[in-house]
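**Q** need a 3D model of the following:
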Amino acid sequence: MPLVAAAVCPHPPLLVPEVAGAAASELDDLRAACDLAVRRLLAADPDAVVLLGVGPSTGPIRPPATGSLQPWGVDLDVPLIPGQPDRGAVLPLSLTVGAWLLARHAVRPAVAAVQVTADAGPVEVAALAEQVAAAGERVALLVLGDGSACRGEKAPGYDDQRALPYDKRVAAALAEADLDALRDLDAGLSGQLKVAGRASWQVLAEAARSSGGGWRGELLHDSAPYGVAYFVASWERA
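**A** Here you go, the predicted structure:
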C-alpha cells in the first residue's frame, strides 16, 4: 500500500502573491483550496511526499534542486526541500510552484520530485508510476497540472468549444477518483487544448491503481479565471 493520499493542484505562477502583485487577491480562493489540499495530504502521515508535474524530461529530479520565479519577474528561488537553498538541479515551473505550496506548511516527511513530459505515452506513464510507488512505504503525491487553456477569446489558446466539456470530464474524474476516466484522457486532444496536467493526472491514476484498494476524491476548487482551467482535489483511501 505505497500510495496513501494525493492532492491535485494547478501551477500558474500567479498563484505566488509576489508574482501576482496587485492582482494577488484574485486567486485567494484558489490559494486557500491548495493549502487545504496540502494540509490533508500531510495529515495522512506519509513517509515521503513526492511532487509530480510536467517537465522537459521524464524521471526523478535528484536533490538538491531549486526552482526560480525570475522568468515571471520576481527574484525568488524555491528549493525543493524547505531550508535547503542549494541550487543543484533546476525545477520546472510545475514543481517550482509545488515546492512553494509545500513550503507554506510544516513538512516532516522526506520530499522528492519527479517530472513527466507533456506528451508522455502509456508506457512512459506506467513506468513513472512504478517509480513513484517505490519512493517509500507510505507515499503521498502532490500532483501539479492545469486543465485546458482555451476557455474564452482571451485564453492563451484562444476559444475552443471542446475545452469546457473536456474540463468537466476532468473535474468529475478528480471529484470521484475515477482512475479509468483519467487514464482515458486523449493525449492528442489534450495537446490541442494546451492541457498541462494530462500526463501528471495519468501517472496519479496508474500509481493509485497499482497501490490497490478503493479511493475517495473531493473536488475543492474548479475555475478558469484567465481562460485556463484550475482544479484542486484531495484523494484519500476509501
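**Q** give me the sheet partners of the host helix or strand of Val114 and which way each runs.
**A** Element membership of Val114, judged by DSSP states H and E, is strand 110-116. The strands beside strand 110-116 in its sheet (DSSP bridges) come out as strand 48-54 (parallel), strand 59-61 (antiparallel).
**Q** wait, which of the ones you listed is closest to Ala37?
**A** strand 48-54 (12.3 Å; C-beta to C-beta). (C-beta placed from N, C-alpha, C; glycine too.)
**Q** which residues does Trp72 contact?
**A** The neighbours of Trp72, taking C-beta atoms under 8 Å, 6 or more residues apart in numbering as the test, are 13, 19.
**Q** longest helix anywhere in the protein?
**A** helix 28-43 (DSSP state H).
**Q** tell me which of the strands paired with strand 110-116 is the most buried.
**A** strand 48-54 (a mean of 25; mean count of other C-beta atoms under 10 Å).
**Q** need the phi and psi values for the residue positioned nearest the centre of the chain.
**A** Most central in the chain under C-alpha atoms, centre = their mean is Leu144, positioned 1.0 Å from the mean C-alpha point. Dihedral pair for Leu144: phi -110, psi 130, per degrees, to the nearest 10.
**Q** ok, and the closest non-adjacent residue to it?
**A** Using C-beta to C-beta, 6 or more residues apart in numbering and skipping the chain neighbours, the partner closest in space to Leu144 is Gly53 (3.6 Å).
**Q** Ala155 now?
**A** Gly227 (2.5 Å).
**Q** pretty sure that neighbour contacts Asp160?
**A** No - using C-beta atoms under 8 Å, Gly227 is not in contact with Asp160, being 10.1 Å away.
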